[in-house]
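Engineer: this one's structure only:
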């Protein structure tokens, strides 16, 4: 019997682990301080130059947990594809790529979420006696989507 599996890039924000579908992740790079952009939309920490392409950077810890990520030697920027284009996500540590069986992915408990965050999480999976929260990035950044598109347009016009 063949079981469907899915691959996720697993990363850490604070003490929690999160996963993004590997097909959404373009690269993981060492943290570099984003260049602030005047009048950038709220939530955009700045921009970085990634191989000739200007990419807006969002502090994912601030977006999801309300805490600003502390820069450290393990800090990374996950470059991910969203429906608004590429975005850099500041994370505390990128761990690895993990393969999960589709049957091991459990729905996120609705009672633990607010209406605003319910769509941001695809589910949870148990790994090494810890839970990995699987993100739906388009929904996790949905209220930021317009701001990301606006930021990219503003950057392109600069």
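Structural biologist: Perfect, I can see it now. Since the structure is predicted, the reported quantities are computational estimates derived from the model, not experimental observations.
Engineer: tell me the pLDDT of residue 26.
Structural biologist: For residue 26, the pLDDT comes out at 96.
Engineer: what lines up beside the helix or strand harbouring it in the sheet?
Structural biologist: Of the helices and strands defined by DSSP states H and E, residue 26 is found in strand 25-30. Here strand 25-30 has these sheet partners by DSSP bridges: strand 76-82 (antiparallel).
Engineer: just give me how far the partner strand sits from the chain centre.
Structural biologist: Computed by Cα atoms, centre = their mean, to the nearest Å, the chain-centroid distance of strand 76-82 equals 6 Å.
Engineer: now do it, average pLDDT.
Structural biologist: On average, strand 76-82 scores 95.
Engineer: buried sites along the next helix or strand after that strand?
Structural biologist: Downstream of strand 76-82, the next assigned helix or strand under DSSP H and E is strand 85-91. Neighbour counts over strand 85-91 (16 or more other Cβ atoms under 10 Å) mark 86, 87, 88, 89, 90, 91 as buried. Quick note: C-beta positions are derived from backbone N, CA and C, even for glycine.
Engineer: quick one: contacts for the last one?
Structural biologist: Which is residue 91. Counting by Cβ atoms under 8 Å, 6 or more residues apart in numbering, residue 91 touches 11, 12, 13, 18, 60, 61, 69, 75, 76, 77, 78.
Engineer: so which of those are in strands?
Structural biologist: 11, 12, 13, 18, 76, 77, 78 (DSSP state E).
Engineer: give me the nearest residue to the last one, chain neighbours excluded.
Structural biologist: Nearest in space to residue 78, with sequence neighbours left out and distances taken as Cβ to Cβ, 6 or more residues apart in numbering, is residue 89 at 4.5 Å.
Engineer: so what's that neighbour up against?
Structural biologist: 57, 58, 60, 77, 78, 79, 80.
Engineer: show me what it is bridged to.
Structural biologist: Under the criterion used (DSSP bridges), residue 89 bridges to residue 58, residue 78.
Engineer: let me know the pLDDT of it.
Structural biologist: pLDDT at residue 89 comes out at 94.
Engineer: ok, now residue 14?
Structural biologist: Residue 14 is given a pLDDT of 87.
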